[in-house]
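Visitor: generate a structure from the sequence data that follows.
(chains A, B and C)
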Amino acid sequence: MTPTHLLDTQDWSVADVTALFNTADVMAQVMERTIKKVPALQGFTVGTLFFEPSTRTRLSFERAARAQSADVVSFAAGSSSLSKGESLKDTLRTVDAMQADLYVVRHAVSGVPHQLARWTDARIVNAGDGRRAHPTQALLDAYTFQKNFSGFDGFAGKKLAIVGDVLHSRVARSNAELWTKLGAQVTLCGPRTLLPPELEQPNVTLTTNIREAAEGAHAVMALRLQGERMQAGLLPSLAEYRVRFGVTEQVMAHAHPDALVMHPGPINRDVEISGALADSEGSVIEAQVANGVSVRMAVLYMLLVGRK
Amino acid sequence: MTPTHLLDTQDWSVADVTALFNTADVMAQVMERTIKKVPALQGFTVGTLFFEPSTRTRLSFERAARAQSADVVSFAAGSSSLSKGESLKDTLRTVDAMQADLYVVRHAVSGVPHQLARWTDARIVNAGDGRRAHPTQALLDAYTFQKNFSGFDGFAGKKLAIVGDVLHSRVARSNAELWTKLGAQVTLCGPRTLLPPELEQPNVTLTTNIREAAEGAHAVMALRLQGERMQAGLLPSLAEYRVRFGVTEQVMAHAHPDALVMHPGPINRDVEISGALADSEGSVIEAQVANGVSVRMAVLYMLLVGRK
Amino acid sequence: MTPTHLLDTQDWSVADVTALFNTADVMAQVMERTIKKVPALQGFTVGTLFFEPSTRTRLSFERAARAQSADVVSFAAGSSSLSKGESLKDTLRTVDAMQADLYVVRHAVSGVPHQLARWTDARIVNAGDGRRAHPTQALLDAYTFQKNFSGFDGFAGKKLAIVGDVLHSRVARSNAELWTKLGAQVTLCGPRTLLPPELEQPNVTLTTNIREAAEGAHAVMALRLQGERMQAGLLPSLAEYRVRFGVTEQVMAHAHPDALVMHPGPINRDVEISGALADSEGSVIEAQVANGVSVRMAVLYMLLVGRK
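Guide: The predicted structure follows:
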């Protein structure tokens, strides 16, 4: 039984994730065809509720829905009259006029997708809530690793290093949760002020030393540096950040020879990642974007129609 | 012959409305299926022109169009460069680049949909103009009553009570017009300052006494309280309003035992309507939302393709 | 071989344009049917990237895409978080999450569509860049002339007069380029300050005398007067402009007896063009709007699927 929602990956068993990745394989084949469209979700309506703007993620979900012939209704909360002091529940009631079968929700406050799931009969997919979770990003990252790591033989014994502003990153949290569930080890690396000690858990280690993080890693993921963090004084100077936490060829020399370079995108070239490295053979950054559509197609399919 | 437009319900005969409700029955069945989509309007383009924001109504129309495989082009006048002093006629000319077959129009000024109907060959559906009319809301309210009133045997002899800020309400005006045309009696109830005497007509009575309004009513409809009216001093204090015009279990005790509780939504819980009453068995507020899609599907179908 | 992009008409041979017009004929027939939709582009995704607002052009492209069953994803750069100082390349990377097959691009800066074409594998259609080019407008104008000029026997020997603010007009530039390529002669007419001498070329003449421009012309095109230019002191007073550069019945008396009256729309009635003339038999202004959809359908079809 597929879970009812995708709020985070905690409710999803390894078998669920495996089934999802198998479905994503089928979807990836569809996206290779000349006619990149299947009628799988014809007659279903997917509503996107973005209370926090995210063009990139929204467009990926919209494409995933339309490629399966679902109807898409987009609701950008910020631009609506609803934003003026209306309660979340009122907003949901208003939006429910579209009678969607599934809502894709992004909100700056952690837990909002869970709350909405209690109030509606529709399926909910969390497209990012506060610093807490961004499950489809973690799923597409793990899927990309599985497809691209040379001679992939399972997540057991693999090591993922995530480098950057871990404190504010739902991408880091969701990846740590998912990869350890799948059997991998995760190292989180960043400036000490941006490395919350409570993230240390079985199979999750913290370090401020990027070489230690990269040591033997099968994948190294650089997080996007948000300029506003630096202005807030939470980060060292740009030059210092680049030297200490930039993912470069020198850093990758410590990693596994076949290690993949990942980034949730879009990159700040030569800031958190070296431009040459981003364009190198080991980089799967473009594959992550393409896999984003396939994995989200699989999520929508599994929640609306069930397992194949 | 179906009328060319739906500007208000004055041009629609009882036979037209009956045909519409029969079509809405078919549409409601479509929306019960797993695949909630029919090709009835394939190749038609529905344009939504909202000069005044209304997420709820717009989403309902969009869903109604897409469920019949029409293409939808949405044009929010407020957010466009067109809003800067361009004439209504210029705006229509610009929008006509989409070559839509039907426009759904909402505007803060009464009569705008009628004016647009004179300027274009496309069909026009009024989605609310000023305080004047909101015909699809009245149609979905009457349809919901017909479907949900126990042992419904026609509108003749039925009584609808509408309670709240009648002065500013196009919902009240359109319902009064439609229900009396169908043979029912309508009582409009609210504070004296918000109860325009000219609305008194054959089969439409006015009262400031909510018990009198509810007396023997087969349906009681609470209007949404607009906070901005209260700030403008047009309404008594919130506490006083609640006591005098809130629709509660005590008020409903005066109504017909099978009376339905209605609200155009979204509700201000425990302000114009008691929360418990809104959630009670007699409440058809959720049915109104769902019927909104079916009735609007029927409107689009009848105007574009004709009577079944 | 159809060119890969439509950045301007320079790369398009006369044979390409002829093939495009033949395809547009087929599309125009589709738009005459009851069901105005063909599956030609099913499974393709068209993204509209409007960095400069243009409701009219965007709606025309969207309709052209949807009428061929393509999916449409619209991205209005101005309203997005991307507008805040993000580089053009970053924006493209973000938008690429939708994995579109073709992007329709409008930008206030000349050359942006060309730059995007270098960065993406998708097809690019220029929907207007700076003052430089607006190729689909020129194509639909020439197509409209070909379809509507009485006894049309080719562009050779024909004369097009374009009147107005030539300096700021990409419509004027693109039409001059295309019509001369097709064999016609073009006269550009306007106040001296708005008539850049470098536009004079073989088969393109400049004049400040509207009677001279109209003399023997087979088509006279009035450009839309932008109010902001007048405020900037670039134009004489409105009254003077109207007398010297307004396209009127008196002006048309100098033209060929079958001459067509054209305007990219929407018109300022009785400013740059006489209202009576705009409504007259020789006016093809409404045909230009309808042909805009057919020609853009043909552009999308040729770039995505190839020549018929």
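Visitor: show me where the stretch 151-300 of chain A has its helices.
Guide: Using DSSP state H, counting those that start in this stretch, the helices of the stretch 151-300 of chain A run over A:170-181, A:210-214, A:227-231, A:238-245, A:249-252, A:275-278, A:285-304.
Visitor: output the fourth one in CSV with nothing but the alpha carbons.
Guide: Going back to what we said before, that points to helix A:238-245. Coordinates of each C-alpha in helix A:238-245 appear next as CSV, following Å, rounded to 0.1, in the frame of the first residue of the first chain:
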residue,chain,number,x,y,z
LEU,A,238,32.6,35.1,0.4
ALA,A,239,36.4,34.6,-0.1
GLU,A,240,36.8,32.6,3.1
TYR,A,241,33.6,30.5,2.5
ARG,A,242,34.9,29.6,-1.0
VAL,A,243,38.3,28.5,0.4
ARG,A,244,36.9,26.5,3.3
PHE,A,245,33.6,25.1,1.9
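Visitor: is any part of that helix close to chain C?
Guide: No: if you take Cβ under 8 Å from any Cβ of the partner chain as the test, helix A:238-245 misses chain C, and the best it gets is 15.4 Å. Bear in mind the C-beta positions are built from the backbone N, C-alpha and C, glycine included.
Visitor: so which bits of that helix are buried?
Guide: A:241-242, A:245 (16 or more other Cβ atoms under 10 Å in any protein chain shown).
Visitor: quick check: chain neighbours aside, which residue is closest to the residue in chain A positioned nearest to chain B?
Guide: Nearest residue of chain A to chain B (Cβ to the nearest Cβ) works out as A:Gly43 at 3.3 Å. Excluding the flanking residues, the one nearest A:Gly43 by Cβ to Cβ, 6 or more residues apart in numbering or on different chains is B:Ile35, at 3.3 Å.
Visitor: next: A:Val109.
Guide: Among residues not flanking A:Val109 along the chain, A:Gly130 sits closest, at 5.4 Å (Cβ to Cβ, 6+ apart).
Visitor: just checking, that neighbour touches A:His168?
Guide: No: contact criterion Cβ atoms under 8 Å: A:Gly130 and A:His168 do not qualify, at 9.5 Å.
Visitor: what are the phi and psi angles of the residue nearest to A:Val109?
Guide: Torsion angles at A:Gly130 (phi, psi; degrees, to the nearest 10) stand at phi 50, psi -140.
Visitor: which residues touch it?
Guide: A:107-112, A:170 (Cβ atoms under 8 Å, 6 or more residues apart in numbering or on different chains).
Visitor: tell me which of the residues you listed is nearest to chain C?
Guide: Nearest member of the contacts of A:Gly130 to chain C, counting by Cβ to the nearest Cβ, is A:Ala108, at 12.6 Å.
Visitor: nearest residue to the closest one other than its sequence neighbours?
Guide: The nearest residue in space to A:Ala108 (Cβ to Cβ, 6+ apart) is A:Glu52, at 4.6 Å.
Visitor: C:Met221: which of the buried residues of helix A:238-245 is nearest?
Guide: A:Arg242 (55.2 Å; Cβ to Cβ).
Visitor: pick out the shakiest of the helices of the stretch 151-300 of chain A, pLDDT-wise.
Guide: Lowest mean pLDDT within the helices of the stretch 151-300 of chain A: helix A:227-231, a mean of 70.
Visitor: for the residue nearest to A:Ala176 when sequence neighbours are not counted, grab the count of nearby residues.
Guide: For A:Ala176, ignoring the flanking residues on the chain, the nearest one in space by Cβ to Cβ, 6+ apart is A:Val186 at 4.7 Å. When neighbours are counted by other Cβ atoms under 10 Å in any protein chain shown, A:Val186 registers 26.
Visitor: do the one 3 residues further on as well
Guide: Residues within reach of A:Cys189, counting by other Cβ under 10 Å, total 30.
Visitor: swap in the one 5 residues further on?
Guide: Other residues within reach of A:Leu194, judged by other Cβ under 10 Å, total 21.
Visitor: tell me if I'm right that it and A:Ala172 touch.
Guide: No: judged on Cβ under 8 Å, A:Leu194 makes no contact with A:Ala172 at a distance of 10.0 Å.
Visitor: who touches both of these two?
Guide: With Cβ under 8 Å, 6+ apart, A:Leu194 and A:Ala172 have common neighbours A:164, A:166.
Visitor: ok so, going back, inside helices: which ones of the contacts of A:Gly130?
Guide: Those of those mapping onto helices are A:112, A:170, per DSSP state H.
Visitor: going through the contacts of A:Gly130, which ones are buried?
Guide: Here, 16+ other Cβ under 10 Å leaves A:107, A:112, A:170 buried among the contacts of A:Gly130.
Visitor: quick check, the residue nearest to A:Gly43 in a helix?
Guide: No: B:Ile35: not assigned to a helix; according to DSSP: H, G, I helix; E, B strand; the rest coil it is coil.
Visitor: how many residues are close by it?
Guide: Residues within reach of B:Ile35, counting by other Cβ under 10 Å, total 11.
Visitor: quick one: it from C:Leu195, how far?
Guide: Relative to C:Leu195, B:Ile35 is positioned 60 Å away (Cβ to Cβ, to the nearest Å).
Visitor: do A:Leu6 as well
Guide: Here A:Leu6 is placed at a distance of 61 Å from C:Leu195 (Cβ to Cβ).
Visitor: then A:Leu234?
Guide: Taken as Cβ to Cβ, the span from A:Leu234 to C:Leu195 is 57 Å.
Visitor: quick one: secondary structure of the residue of the stretch 51-200 of chain A found nearest chain C?
Guide: Nearest residue of the stretch 51-200 of chain A to chain C: A:Leu59, at 3.9 Å (Cβ to the nearest Cβ). Following three-state DSSP, A:Leu59 is assigned to helix.
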